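**Q** here you go, sequence then predicted model.
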Amino acid sequence: MFGLEPARTVLEIENLQTHFFTAADVIRVVDGVSYTVRSGEILGMVGESGCGKSVTALSILRLVANPPGRIGGPISPG
């Protein structure tokens, strides 16, 4: 009998935070996003317009300009 091997983790996000700093305030666009994607899985993000889906994706790819943005939380490719 063949055993199934556990799926390999390809992306792990833990407590992702992306904040934008202005002269007047700090805008917390992404605050506390965590998930794990394993080989063979598909992840979809849904939400209202302006809820942070695009900034989450840009943060994972490290494409948020610093300044004014700052990304925090570990992002681990598998």
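**A** That came through fine.

**Q** mind listing the helices for this structure?
**A** Using DSSP state H, the helices assigned to the chain run over residues 53-60.

**Q** what ranges in it fall below the confidence cut-off?
**A** Along the chain, segments meeting pLDDT under 70 span 1-4, 78.

**Q** again, only this time at 50
**A** Low-confidence segments of the chain (pLDDT under 50): none present.

**Q** how about the strands in it?
**A** 9-21, 26-38, 69-72, 75-77 (DSSP state E).

**Q** now tell me what touches the last one from outside.
**A** By C-beta atoms under 8 Å, 6 or more residues apart in numbering, the residues outside strand 75-77 that reach it are 9-14, 16, 59-60, 62. C-betas here are computed from N, CA, C, even on glycine.

**Q** turn the strands of the chain into a markdown table, columns for distance to residue 50.
**A** A markdown table is the format used below for the strands of the chain (distance: least, C-beta to C-beta, whole Å):
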| stretch | distance to residue 50 |
| --- | --- |
| strand 9-21 | 13 |
| strand 26-38 | 9 |
| strand 69-72 | 16 |
| strand 75-77 | 23 |
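
**Q** let's have these in CSV, adding distance to residue 54 and mean neighbour count.
**A** Shown next, in CSV, are the strands of the chain (distance: least, C-beta to C-beta, whole Å; neighbours: other C-beta atoms under 10 Å):
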stretch, distance to residue 54, mean neighbour count
strand 9-21, 11, 16
strand 26-38, 10, 14
strand 69-72, 12, 16
strand 75-77, 16, 11
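
**Q** and these: which comes nearest residue 44?
**A** For the strands of the chain, the distance to residue 44 is smallest for strand 26-38, at 10.9 Å, taking C-beta to C-beta.

**Q** circling back: out of the strands of the chain, nearest to residue 52?
**A** strand 26-38 (4.9 Å).
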